[in-house]
Each structure stands twice: as structure tokens, then as C-alpha cells.
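Undergrad: Return atomic coordinates for the entry below.
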Amino acid sequence: MIELPLVNIQTFFQTLWTTSLPLLIAAICGGVVGLERERSRRPAGLRTHVLVCVGSALLMQVSLSMYYMVRADGGTTGDPGRIAAQVVSGIGFLGAGTIMREGANIRGLTTAASLWVVAGIGLAVGSNLYIESLVSTAIVVLTLKTLSEVEHRWISKGGLHTLTVHVTDSPGRLGMLATVCGRWGANIRSVSMKNGPIPGTVEISFFIRMSGRNPDTAGLIGDLMATEGVVSVTEEE
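TA: Prediction:
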């Protein structure tokens, strides 16, 4: 019967735990931020943020390991921040893919920023800065969740509104609703569509800015309700 050295087995599992822990923490941190983006239906969601954070942590571990290898061989020119710097600059290409231009408006900047921050969190986790990483994750999630609500409440007073319209699913409905909005001087900032709760209907959400001469949405809502095919119109608080 062959007996495996107990010390080697213990060393193996200790090394496995030491090297895997940063990757697991990175997956959790990236997942928490990505889950918020996923719920907000952003281009980069849960999987993207987890992959970015874990990848950054892995590359930071590789960078540090290479640095220690060079130092162990007597070298003095190792730079543990070289790969980390490439991660910071390279994440810009991925962030740019989440930014979309819709007319005069630009969407996706917040998601691009969250990817950039998640990459930084991954680098911190890879450097064994666990407390800093967890605190940063909490700050990012609170920023995305809490400040968006504060932003929405304060900006709404400046003429921004979200209208949800349930309309029958037939060609030309979106164009008709947009025409009504334009007639009331409403500038459509963004539009999202999904299947309505009633079969054969579509739920269309308009994020609009009312002009100074028509700051109230009461007239616009009444006109939308009078449009053919419209089932209901609600304004989010």
C-alpha cells in the first residue's frame, strides 16, 4: 500500500486555498455589482462583471508571482504593476462597448464606469487587499442603487419623467406615441419595450424631458390615453 506524504497533501490544499480565495472573493464582488446592473437591464450584467473582476484578480496574482520569481532568481528589474497597468488601460475597450449613442443622448456611461471600478476591485483582491475590496464593492453598490433614486427624485423636478404605456401590439404604435410626445414638447431621452401583462399588448416605457412651456405631464397623459390602441398610461414616481 502506497502512503502519500501527509505534509505534501496539507501543503497542496493550503496552496489551493490561498490561491483560490482571491478568485472567489473577486467573483463575489463582481457578482454583487453585476447583479445590480443586470436588474437594471444594462448591456454589461452579472456575467460580464464577474469575468472582469476574476480576470483582473488572476492577472494581478500572475503579476505578483512573476515579480517574486524574478526576485528569487536574484533579479532586480521586476515590476509587479506592469500587468496591472495593462488591465486598467485595456478595460477601456470593454467599457466603450457598453456606451451607446441615441440621437443627442449617450447611455451606458455608468455601466462603463462600473466595469472600470470592478477591474480595480479585482486588482485589489489579487493583491490580497480584501478589506479595501469589500468596502469598495459596498460603496459601488450603494452608489448605483441609492444615488440613482436620489438622482431620479431630484431630476424629476427639473422636467424628467418616466411614462409607462400599455398599447395593443400592432405596427406603427410606437411612432404614434412618439408623435404625441413631440406635439407636447416632450424630448424622448430613451425608450424600452417588453411584452405587456395582457396577451397581445406591449409595455413601452418613455423617459422624457418636458419643455419649459409644458412642465406638467397631465395633458400629455390625457392625449396618450386618447390615442388609438392605448390601454393605460402611468407615470412612475
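
Undergrad: the strands in this structure, which residues?
TA: Here the chain has its strands, by DSSP state E, at 100-102, 105-107, 160-168, 186-195, 201-210, 230-235.

Undergrad: and the last one, which strands flank it?
TA: For strand 230-235, the pairing partners within the sheet under DSSP bridges are strand 160-168 (antiparallel).

Undergrad: Next: the fourth one.
TA: Looking at strand 186-195 with DSSP bridges, its paired strands and their directions are strand 201-210 (antiparallel).

Undergrad: circling back: can you redo the strands of the chain as TSV with mean pLDDT and mean neighbour count?
TA: (Glycine included, C-beta is placed from N, CA and C.) As requested, those are exported to TSV (pLDDT from 0 to 100; neighbours: other CB atoms under 10 Å):
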stretch	mean pLDDT	mean neighbour count
strand 100-102	51	11
strand 105-107	53	13
strand 160-168	87	19
strand 186-195	84	15
strand 201-210	86	19
strand 230-235	89	16
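
Undergrad: Including distance to residue 36, could these go into TSV?
TA: Output for these, formatted as TSV (distance: least, CB to CB, whole Å):
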stretch	distance to residue 36
strand 100-102	19
strand 105-107	16
strand 160-168	19
strand 186-195	17
strand 201-210	19
strand 230-235	24
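
Undergrad: Select, out of those strands, the one closest to residue 94.
TA: Residue 94 lies closest, by CB to CB, to one member of these: strand 100-102, at 14.1 Å.

Undergrad: how many other residues sit next to residue 13?
TA: Using other CB atoms under 10 Å, residue 13 has 10 neighbouring residues.

Undergrad: Could you tell me which other helices and strands the longest helix along the chain packs against?
TA: Scanning the chain for the longest helix, with DSSP state H as the assignment, gives helix 6-39. The contact analysis (3 or more CB pairs under 8 Å, 6 or more residues apart in numbering; DSSP states H and E) places helix 6-39 against helix 46-72, helix 109-126, helix 130-142.

Undergrad: Noted, bye for now.
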